[in-house]
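S.K.: Sharing a model prediction with you, sequence too.
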Amino acid sequence: MTETAQIQTLTPDEEETVPGISIRNLYKIFGPDPARHVAAVQDGMTKAELNRKHHHSLGLRDITTDLPAGKISVIMGLSGSGKSTLLRHVNGLIAPTAGEVLIDGEDVAKMSPEALRAFRRHKTAMVFQNFALLPHRTVLENAVYGLDIQGEPRSSSTEKARRWIERVGLKGYEDRYPTQLSGGMRQRVGLARALTNDAPILLMDEAFSALDPLIRMDMQSVLLDIQQEVSKTIVFITHDLDEALRLGDKIVILRAGEISQQGTGEEIVRHPANDYVRAFVKEVNRGRVVRLRSVAHPKPAGEDWPALRLPGTTTLEEAAHQLLDAPGSLATVLARDGSERGVVSMDDVMRGMLARV
Amino acid sequence: MASSCWGLPEALCDFPSLSSKSLRLMRKTIDDGFRDLVRQFSDQIDAATRPLQWFLNTLETIFTGTPWFVMLVLILAAVWFASRSVKIALGTGTALLTIGFFGLWEDTMTTLAMVTVATLISIVLGLPIGIVAARSDRAQRMIMPLLDVMQTLPSFVYLIPVVVIFGIGKVPGLIAVVIYATPPMIRLTNLGIRLVDKEVIEAADAFGSSPRQKLWNVQLPLALPTLMTGVNQTIMMSLAMVVVASMVGVGGLGKNVLQAINNQFFTMGFLNGFALVAIAISFDRASQAFGKRLQKHAEVLDD
């Protein structure tokens, strides 16, 4: 593609977001005396050096990110990248060696044990990789667990739990025990338990990683569907980029305890910041990730808007289907407010899908 | 004999020990001091053991005073409710009828009263201590060696201070049994709580549980199978100790065994011994079945 065409591409028309969770210069060192070595790490000591010289292990280095409120943020990384450690800083299960985790302007790391307990009860809920259900409680009793801890009487908590159990597709299983359910169903219970808690922040630690591929897809759809309704600030951990791209409004890629790249799925797929991310992105089906808004051009002067009108958030794959039948293979791309923003041709869409932009 | 010492000087030949005179003085001082101390506090000690005495006597009166067929039905009902197994109930019934047939009913009831009280006290003591040990590594490091001592010190040895303090009778016997039967309860409570799945504990924390909520909602229920093993072991230990405890005046089957040993009454010894075995097996099976039944939710049902 020529230089001029690049310039002509419109800037993506992204939604404005408000940070729900702000992580500032977070460091985590594991070992007997982490505080003593944090200054050295801040001055640039490497993970290997810290391990060799001081026998401390560097978990996270200088993490600064804003996770948008009411959106799904995905923290992606391979095992040992520190993604689960980072997640546990959000609800204070792990305390940082240095740095801040700000939620509603309050630093989680500085809360007293009582304040932290109240914060966990009312502000967060968590879903676990291996479900972490209570084996001696039925599905319904597991779902009300968070409200039990808050001290809500069963008379009202049961009603809320029943609603969410039905919502995740487990109606009729309320009185079963977790061992009587399949893996996918158990994680639905885990999800129902977290949702029944009705906390604004939902933490999901590799929640779908232990599930079969088909069931995993199914659970992703359930989550996206529910998120439409509840708009919670979700932090989702995964090692699977496809899952990250499918779920994440924002993606943070971690490597060896450091942020490798952060941004929307589209940004990461279209402009990988380094070879590490590029290697990940290579196998991605771009047609399902890249949206029309990032390949649209300004309308050439003197022409009419094409008859086919598509929202800017349409994926390229979907747009290609529509364009096949459109006169002149042209479409108008709409902004989020529904006004005309630009045009795309079949050519643009194909180039976008084949990564030749 | 210097010849057995390869001609070495005396200090290397005989172990350099305290002189027998100073040893004797040490023993006498400690024994007398201990005795004086006990004598000085005898009123308080009596007052402290009175509730135990009362508890033990009441239960024994109930067990031996109730007509045998009522007791038989009650025991069988208890066994059946615990195990929900006709086989175990039938086995227990047969054992009890045979015991009664050989004239050991009343002694058996005395022993059962003793074992019941000892087991209850062991659980009441062992459970909280086990919980404390599970919560803090330091507590565990302090408690565990103590348990080793309680379990390996020959029971006859700690019978001596028990008798000095409490005299001869049922209560000192009970205390000896409890010393022996409590360690498994503490150990298995500690182990059970420490073995609870870390992720479930993390879930409890993530939902904001207080330590108390975590204990009651998560740790104890999930440790229940191990706790039941602890109860089972406590019952077995109590049954094993009643014979030794009979040396300080506990009645029942143990006393008969002791008499049989002293007089070489072969038949009497074995009859009473087998009676103890029969009770032990019945209670063991019943309490294990009860533990399994509490875990019914853990079974994967095919449907």
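M.R.: Looks like it arrived, so ask away.
S.K.: show me the contacts for A:Pro68.
M.R.: By C-beta atoms under 8 Å, 6 or more residues apart in numbering or on different chains, the contact list for A:Pro68 reads A:Thr17, A:Val18, A:Pro19, A:Gly20, A:Thr233, A:Asp249, A:Lys250. Every C-beta, even on glycine, is put in place using the N, C-alpha and C of the backbone.
S.K.: Take those residues and write them to CSV, including secondary structure, distance to A:Ser81 and neighbour count.
M.R.: Below are the contacts of A:Pro68 laid out as CSV (DSSP: H, G, I helix; E, B strand; the rest coil; distance: C-beta to C-beta, whole Å; neighbours: other C-beta atoms under 10 Å in any protein chain shown):
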residue, secondary structure, distance to A:Ser81, neighbour count
A:Thr17, coil, 24, 15
A:Val18, coil, 27, 10
A:Pro19, strand, 22, 14
A:Gly20, strand, 22, 21
A:Thr233, strand, 22, 24
A:Asp249, coil, 20, 18
A:Lys250, strand, 17, 22
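S.K.: B:Leu97 and B:Phe69: what is the separation?
M.R.: The spacing between B:Leu97 and B:Phe69, counted by C-beta to C-beta, to the nearest Å, is 10 Å.
S.K.: Looking at these two, which one has more neighbours?
M.R.: The neighbour comparison of B:Leu97 against B:Phe69 (other C-beta atoms under 10 Å in any protein chain shown) goes to B:Leu97, with 13 against 9.
S.K.: Do you know the pLDDT at the more buried one?
M.R.: What the model reports as pLDDT for B:Leu97 is 95.
S.K.: so it is in which element?
M.R.: Taking DSSP states H and E as the definition, one finds B:Leu97 inside helix B:86-101.
S.K.: can you give me the angle the helix or strand following that helix makes with helix B:86-101?
M.R.: Under the assignment DSSP H and E, the closest C-terminal helix or strand after helix B:86-101 is helix B:105-135. Put simply, helix B:105-135 runs at 130 degrees to helix B:86-101, going by axes from the mean of the first three to the mean of the last three C-alpha atoms, to 10 degrees.
S.K.: in helix B:105-135, what's buried?
M.R.: Buried residues in helix B:105-135, counting neighbours by 16 or more other C-beta atoms under 10 Å in any protein chain shown, are found at B:105, B:107-119, B:121-123, B:126-127, B:129-135.
S.K.: re earlier: contacts for the helix holding B:Leu97 next, please.
M.R.: For helix B:86-101, the external contacting residues (C-beta under 8 Å, 6+ apart) are B:68, B:72, B:75-76, B:79-80, B:83, B:105, B:108, B:275, B:278-279, B:281-282, B:285-286, B:289.
S.K.: Please export the C-alpha coordinates of stretch A:164-173 as CSV.
M.R.: C-alpha atoms of stretch A:164-173 as CSV (Å, rounded to 0.1, in the frame of the first residue of the first chain):
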residue,chain,number,x,y,z
TRP,A,164,-28.1,-15.6,38.5
ILE,A,165,-28.2,-19.4,38.5
GLU,A,166,-30.9,-19.2,35.9
ARG,A,167,-29.0,-16.5,34.0
VAL,A,168,-25.9,-18.7,33.6
GLY,A,169,-28.0,-21.6,32.5
LEU,A,170,-28.2,-23.8,35.5
LYS,A,171,-31.9,-23.7,36.3
GLY,A,172,-33.0,-27.0,37.7
TYR,A,173,-29.5,-27.8,39.2
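S.K.: State the mean pLDDT of that stretch.
M.R.: Per-residue pLDDT values across stretch A:164-173 average out to 94.
S.K.: Tell me if it is near chain B.
M.R.: No. Stretch A:164-173 lies out of reach of chain B by C-beta under 8 Å from any C-beta of the partner chain, never closer than 11.7 Å.
S.K.: Could you do stretch A:226-238 as well?
M.R.: No. Figure legend: stretch A:226-238 not in contact with chain B (C-beta under 8 Å from any C-beta); closest approach 12.5 Å.
S.K.: distance between the ends of that stretch?
M.R.: End-to-end distance of stretch A:226-238 (C-alpha to C-alpha, to the nearest Å): 19 Å.
S.K.: Would you pull up how far that stretch lies from the middle of the chain?
M.R.: Using C-alpha atoms, centre = their mean, to the nearest Å, the distance from the centre of stretch A:226-238 to the centre of the chain it belongs to is 8 Å.
S.K.: ditto for stretch A:131-150
M.R.: A distance of 25 Å separates the centroid of the chain from that of stretch A:131-150, by C-alpha atoms, centre = their mean.
S.K.: Mind checking the pLDDT average for it?
M.R.: So the average pLDDT for stretch A:131-150 ends up being 94.
S.K.: Closest one of the contacts of A:Pro68 to B:Val171?
M.R.: Set against B:Val171, the nearest of the contacts of A:Pro68 by C-beta to C-beta is A:Thr233 (63.4 Å).
S.K.: give the contact list for the residue lying closest to that closest one once chain neighbours are set aside.
M.R.: Nearest residue to A:Thr233 in three dimensions, chain neighbours excluded: A:Gly20, at 3.7 Å (C-beta to C-beta, 6 or more residues apart in numbering or on different chains). The neighbours of A:Gly20, taking C-beta under 8 Å, 6+ apart as the test, are A:Leu67, A:Pro68, A:Ala69, A:Gly70, A:Lys71, A:Ile103, A:Pro200, A:Ile201, A:Thr233.
S.K.: now with 7 Å?
M.R.: Contact analysis of A:Gly20 by C-beta atoms under 7 Å, 6 or more residues apart in numbering or on different chains lists A:Leu67, A:Pro68, A:Ala69, A:Gly70, A:Ile201, A:Thr233.
S.K.: Next: B:Ile45.
M.R.: Neighbour list for B:Ile45: B:Ile165, B:Phe166 [criterion: C-beta under 7 Å, 6+ apart].
S.K.: Figure out the helix or strand that it lives in.
M.R.: helix B:42-65.
S.K.: What residues sit buried inside that helix?
M.R.: Of the residues in helix B:42-65, B:Ile45, B:Thr49, B:Leu52, B:Phe55, B:Leu56, B:Leu59, B:Glu60, B:Phe63, B:Thr64 count as buried by neighbour count, 16+ other C-beta under 10 Å.
S.K.: State the next helix or strand along the chain beyond that helix.
M.R.: helix B:68-83.
S.K.: what's in contact with that following helix?
M.R.: By C-beta under 7 Å, 6+ apart, helix B:68-83 touches B:63, B:88-89, B:92-93, B:96, B:100, B:105, B:109, B:282, B:285-287, B:289-290.
S.K.: and the residue in the stretch 151-300 of chain A that chain B sits nearest to, how many neighbours?
M.R.: When distances are taken as C-beta to the nearest C-beta, the stretch 151-300 of chain A reaches nearest to chain B at A:Tyr177, 4.0 Å away. For A:Tyr177, the neighbour count with other C-beta under 10 Å is 22.
S.K.: the bottom helix or strand of chain A by mean pLDDT?
M.R.: Least confident element among the helices and strands of chain A, by mean pLDDT, DSSP states H and E: helix A:3-8 (a mean of 44).
S.K.: Which of the contacts of helix B:86-101 are buried, as a ChimeraX select command?
M.R.: Here is the ChimeraX command that selects only those of the contacts of helix B:86-101 that count as buried (16+ other C-beta under 10 Å):
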select /B:72,75,76,79,80,83,105,108,275,278,279,282,285,286,289
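S.K.: ranges for the strands of the stretch 1-150 of chain A?
M.R.: Ranges of strands in the stretch 1-150 of chain A, per DSSP state E, counting those that start in this stretch, are A:19-30, A:57-68, A:72-76, A:98-103, A:106-107, A:124-127.
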